[in-house]
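>>> Here is my input, please return the structure:
(2 chains)
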Number of protein chains: 2
Amino acid sequence: MPATTRPLLVDVHTHIYPPSYMDLMRRREQIPKVIKDTAGNEMVVLLKEEEGKGANSKGRPVGPQYWDRAEKIKFMDTHGIDVSVVSLANPWLDFLTPAEAVDAARQLNDDMQTYCETFKADHAAADSTSYSAQTGNRLFAFGSLPLVPGISTKQVLQALDQVKGHSYLRGIVMGTKGIGKGLDDPEMEPIYEAIAASGLVVFVHPHYGIENAFGEQDNGHALALGLGFPFETTIAIARLVLAGVLDRHPTLKLLLAHSAGALPALSSRLSSCIVHDPHVKDRLQHDFRYYLGQMYYDAVTYGPEELALTERVVARANNYESKDEQLAYVDRVNERRDLTAPEGVFPGTDRIMFGTDHPFFPPLEGQGDRWKSVDENLDAIAGVAGWGDAERARVMGANAVDLFGLEV
Amino acid sequence: MPATTRPLLVDVHTHIYPPSYMDLMRRREQIPKVIKDTAGNEMVVLLKEEEGKGANSKGRPVGPQYWDRAEKIKFMDTHGIDVSVVSLANPWLDFLTPAEAVDAARQLNDDMQTYCETFKADHAAADSTSYSAQTGNRLFAFGSLPLVPGISTKQVLQALDQVKGHSYLRGIVMGTKGIGKGLDDPEMEPIYEAIAASGLVVFVHPHYGIENAFGEQDNGHALALGLGFPFETTIAIARLVLAGVLDRHPTLKLLLAHSAGALPALSSRLSSCIVHDPHVKDRLQHDFRYYLGQMYYDAVTYGPEELALTERVVARANNYESKDEQLAYVDRVNERRDLTAPEGVFPGTDRIMFGTDHPFFPPLEGQGDRWKSVDENLDAIAGVAGWGDAERARVMGANAVDLFGLEV
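Prediction:
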């Protein structure tokens, strides 16, 4: 461990497009695709909202920050990030045929392993800013699975075996479509079972947003990213929970992008809607709110008030273990038993982890080297009312070390 | 004022279907419609999710609690609600032709005025539970406007004049479609201008949810109500703000259903996505978060942790008045200026108001007369960490008295 006493900073939400993946997108005519703008610069077009709305809205600049490891390290050093757990950026392999997806996953998992293991920290830099000077381990990664329509369970499990065999891969990144029908698809059962048994972390991340919701006015992709993405994650996880996945696989480790989107803020409303609906009221073993304490969250909320809510919904979750507790609500109120989250202690900070979403949301003009998007998320951690050094240290890095078993 | 010292309790989110509206729905073949189940009981079918999924999912029981004023008063007495500001339930007049909508709005506004003004509190009951024994004013209402595609601004403004002339109507209820293209439609401008000038409160409420998001598994309407509704409100208000409506009409009083859905939890993310998007980054006069302090919220969150967030995002809003403040974020962090919401004081409680969503979410089997959905929202107010009697009294009723100018 280095001499500095500042807490370890681990980024669990940071993406790359390896060169082999860039090549896949360069060959495509439809989104996702990489095109050149009139000046010859490469642009990545990921969202429908980025297509066909004038010369300025044909995508986002894509360059070495997406694939060059030196750029990732430079970004990490600029922001004091000791370790990154990188993941393939969306839309992963979703657009490939089963055969293509199997090949691409195999290649990408090898690429990811190489990306991490061939890195040795520059000791001069590491002495001053990194906890990882001894091991040189500043990079770990999520692997990818060929999760596409028509894939066989066997092919997915073979890819999972490959990931398990790669020492630097500590999880898998997963979109919200599963193998086509969503994360509540019964066909996902053997996959969840195998992932839970592997101990690998599943990083659930959005890409598709929601359909036909943003109207005729041109708001660029602000609403697709700002609302569509978190809504997609919220829906996917609500469906997964309602399908009983966490009842059947309580050891499955789900890490939810963007602090699970709107799930924390709508979890009590969802609980109420569930118990009032004859179709689902008896389906789950626990109150819906209980399951929020079974999952993990990145801290990518951009504000301390929002981040505080994520902590609170985890903190209160065990109070909702029993359905009877919830269904006897009126009795509970009359008895004045307190089911709110405990005050003054912050158990939810055990399940929240710093992230940046690099290389998306790059620095604004005139803002220098530091990225506003990163500083807002760091400041969110610094600003949650009541949190002390211990809570901040857990969220900044210690939780990630524990969850991913990082040798730093 | 009565002798009791308990705070006034005002319900700002409580619906009715007047008899003339029930007749409209009984005559229809498509949703929204009222049908009879095999036992001859009337069922209201409002959502796509309620159609065609087996004999038990053909809608929700609809009975006198939707139109009989005595049922409303009984519900209010059971839960200690002194005053209700009732509104037409969704989907309002959205499904009518312009000519039908004009007639229906005129009839409904008259019905609403009559519903309120012909009520005189039963003094025996009022002496014990109501603040309104002197005036008999326990009911106020939102009016309706003929907001449908093809309507003329003139017709809308005529209906607004009718509402202004009805003494018990203190606002108007509005869906998220505006006159067909949403609340960011430039055609809405003269309507917003007239409403802002009138001083009437606009209660913005969802109905449509979102499309094609909930997958193949049968989850009843739990997700449509639990997530689709709040997502719809969130999107509608984000679009309205991005269209500059609150920049041009800063005195417009918007009351947002279900505590604005996911808007509080995603407001910092939205702010970040806006400033990073070249299409919208220079459009607004303020940081997106500022506008959350310009609106009003019901307290229909079902949980104290969620309700606390609504208060916090209002409390911090004025810190984001300047865009320069936001765009110089990195400088701000370096200077360690604190832009989090103030601790220990709760200015956001000035803009939050108790609501029930009656007569939806009726009591669960075996739960007696009190409604779980109401008790959860009362308990949320009671349970927010840090709030004292003054904050709770504002949220329970005093804010509504001020905002609507209630003579109670």
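
>>> bridging residues for residue A:11?
Beta-bridge partners of residue A:11, counted by DSSP bridges, are residue A:84.

>>> ok now do it, which residues does it touch?
By Cβ atoms under 8 Å, 6 or more residues apart in numbering or on different chains, the residues touching residue A:11 are A:76, A:81, A:83, A:84, A:85, A:354, A:355, A:356, A:358. Quick note: C-beta positions are derived from backbone N, CA and C, even for glycine.

>>> want to throw those into JSON lines with neighbour count?
As requested, the contacts of residue A:11 are exported to JSON lines (neighbours: other Cβ atoms under 10 Å in any protein chain shown):
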{"residue": "A:76", "neighbour count": "23"}
{"residue": "A:81", "neighbour count": "26"}
{"residue": "A:83", "neighbour count": "25"}
{"residue": "A:84", "neighbour count": "27"}
{"residue": "A:85", "neighbour count": "27"}
{"residue": "A:354", "neighbour count": "27"}
{"residue": "A:355", "neighbour count": "26"}
{"residue": "A:356", "neighbour count": "26"}
{"residue": "A:358", "neighbour count": "26"}
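
>>> between those, which is closest to residue B:321?
For these, the minimum distance to residue B:321 (Cβ to Cβ) is 27.5 Å, reached by residue A:356.

>>> quick one, helices of the stretch 151-300 of chain A?
Secondary structure of the stretch 151-300 of chain A (DSSP state H, counting those that start in this stretch): helices at A:153-165, A:189-198, A:222-223, A:229-242, A:245-248, A:263-275, A:288-291.

>>> I'd guess residue A:13 is in a strand, am I close?
Yes. Looking at residue A:13 with DSSP: H, G, I helix; E, B strand; the rest coil, it is inside a strand.

>>> residues in contact with the closest residue to it other than its chain neighbours?
In space, residue A:13 comes closest to residue A:355 once its chain neighbours are excluded; the distance is 2.7 Å by Cβ to Cβ, 6 or more residues apart in numbering or on different chains. By Cβ under 8 Å, 6+ apart, residue A:355 lies in contact with A:11, A:12, A:13, A:14, A:257, A:298, A:299, A:300, A:377.

>>> pLDDT at the first one, what is it?
Read that as residue A:11. Note on residue A:11: pLDDT of 98.

>>> what's the spacing between it and residue A:75?
Distance, residue A:11 to residue A:75, by Cβ to Cβ, to the nearest Å: 9 Å.

>>> about what we covered before: out of the helices of the stretch 151-300 of chain A, which comes closest to chain B?
When the helices of the stretch 151-300 of chain A are compared by Cβ to the nearest Cβ, helix A:263-275 sits nearest chain B, at 3.1 Å.

>>> follow-up on the earlier one: and the residue nearest to residue A:13, how close does it get to residue B:389?
40 Å.

>>> What part of chain A, helix or strand, is modelled with the least confidence?
In chain A, no helix or strand scores lower on mean pLDDT, DSSP states H and E than helix A:123-129, which sits at a mean of 47.

>>> continuing past that helix, what's the next helix or strand?
Of the helices and strands lying after helix A:123-129 in sequence (DSSP states H and E), the nearest is strand A:139-143.

>>> Could you give me the buried positions within that following strand?
A:139, A:140, A:141, A:142, A:143 (16 or more other Cβ atoms under 10 Å in any protein chain shown).

>>> just curious, which of the residues you listed is nearest to residue B:159?
Closest approach to residue B:159 among the buried residues of strand A:139-143 (Cβ to Cβ): residue A:142, at 55.9 Å.

>>> beta partners of the closest one?
residue A:171.

>>> which one of the helices of the stretch 151-300 of chain A lies closest to residue B:20?
For residue B:20, the closest of those is helix A:263-275, at 29.4 Å, according to Cβ to Cβ.

>>> Which secondary structure elements does that closest one sit against?
helix A:229-242, helix A:288-291, helix A:304-315, helix A:323-327, helix B:222-223, helix B:263-275, helix B:304-315, helix B:372-383 (3 or more Cβ pairs under 8 Å, 6 or more residues apart in numbering or on different chains; DSSP states H and E).

>>> elements contacting the last one?
Counting by 3+ Cβ pairs under 8 Å, 6+ apart, the packing neighbours recorded for helix B:372-383 are helix A:263-275, helix A:329-335, helix B:304-315.

>>> Give me the nearest residue to the residue of the stretch 101-250 of chain A at minimum distance from chain B, chain neighbours excluded.
Closest contact between the stretch 101-250 of chain A and chain B, by Cβ to the nearest Cβ, is at residue A:220 (3.1 Å). Leaving aside its chain neighbours, residue A:220 sits nearest to residue B:279 (3.1 Å; criterion: Cβ to Cβ, 6+ apart).

>>> How about residue A:313?
With sequence-adjacent residues excluded and distances taken as Cβ to Cβ, 6+ apart, residue A:313 is closest to residue A:264, at 4.3 Å.

>>> now do residue A:149
Ranked by Cβ to Cβ, 6+ apart and with sequence neighbours excluded, the top spatial neighbour of residue A:149 is residue A:180, at 3.5 Å.

>>> residues contacting the one you found?
Residues in contact with residue A:180 (Cβ under 8 Å, 6+ apart) are A:148, A:149, A:150.

>>> Kindly list the main-chain dihedrals of it?
The phi/psi pair for residue A:180 (degrees, to the nearest 10) reads phi 130, psi -30.

>>> for residue A:178, same thing?
When read as degrees, to the nearest 10, the backbone of residue A:178 gives phi 60, psi -130.

>>> could you measure it against residue A:27, distance?
In terms of Cβ to Cβ, residue A:178 sits 26 Å off from residue A:27.

>>> Looking only at neighbour counts, state which of the two leads.
A direct count of neighbours by other Cβ atoms under 10 Å in any protein chain shown for residue A:178 and residue A:27 places residue A:178 higher, at 22 against 9.

>>> does that one really touch residue A:188, like I thought?
Yes. The criterion here is Cβ atoms under 8 Å, and residue A:178 meets it with residue A:188 at 4.9 Å.

>>> Pull out the buried positions in stretch A:348-365.
A:348-364.

>>> Between the two ends of it, how far is it?
End-to-end distance of stretch A:348-365 (Cα to Cα, to the nearest Å): 36 Å.

>>> how far is it from where the chain is centred?
10 Å (Cα atoms, centre = their mean, to the nearest Å).

>>> swap in stretch A:104-114?
Per Cα atoms, centre = their mean, the centroid offset for stretch A:104-114 relative to its chain is 19 Å.

>>> Which residues does it contact?
With contacts defined as Cβ under 8 Å, 6+ apart, stretch A:104-114 is touched by A:18-21, A:24, A:86, A:88, A:93, A:96, A:141-146, A:159, A:162-163, A:166-169.

>>> circling back: with mean pLDDT and mean neighbour count added, can I get the helices and strands packed on helix B:372-383 in a markdown table?
What follows is the helices and strands packed on helix B:372-383, written out as a markdown table (pLDDT from 0 to 100; neighbours: other Cβ atoms under 10 Å in any protein chain shown):
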| stretch | mean pLDDT | mean neighbour count |
| --- | --- | --- |
| helix A:263-275 | 96 | 28 |
| helix A:329-335 | 54 | 16 |
| helix B:304-315 | 97 | 26 |
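
>>> And those: which comes nearest residue B:205?
It's helix A:263-275; of those, that one is closest to residue B:205 (Cβ to Cβ) at 14.4 Å.

>>> what angle separates the closest one from helix A:304-315?
Angular relation of helix A:263-275 and helix A:304-315 on a 0 to 180 degree scale: 50 degrees, by axes from the mean of the first three to the mean of the last three Cα atoms, to 10 degrees.

>>> OK, now which residue of the stretch 301-408 of chain A is nearest to chain B?
residue A:303 (3.1 Å).

>>> quick one: contacts for the closest residue to that residue other than its chain neighbours?
Among residues not flanking residue A:303 along the chain, residue B:268 sits closest, at 3.1 Å (Cβ to Cβ, 6+ apart). The contact partners of residue B:268, taken as Cβ under 8 Å, 6+ apart, are A:301, A:302, A:303, A:305, A:306, A:376, A:380, B:289.

>>> What is the nearest of these to residue A:7?
Looking across the contacts of residue B:268 and measuring by Cβ to Cβ, the closest to residue A:7 is residue A:380, at 15.2 Å.

>>> All set now, cheers.
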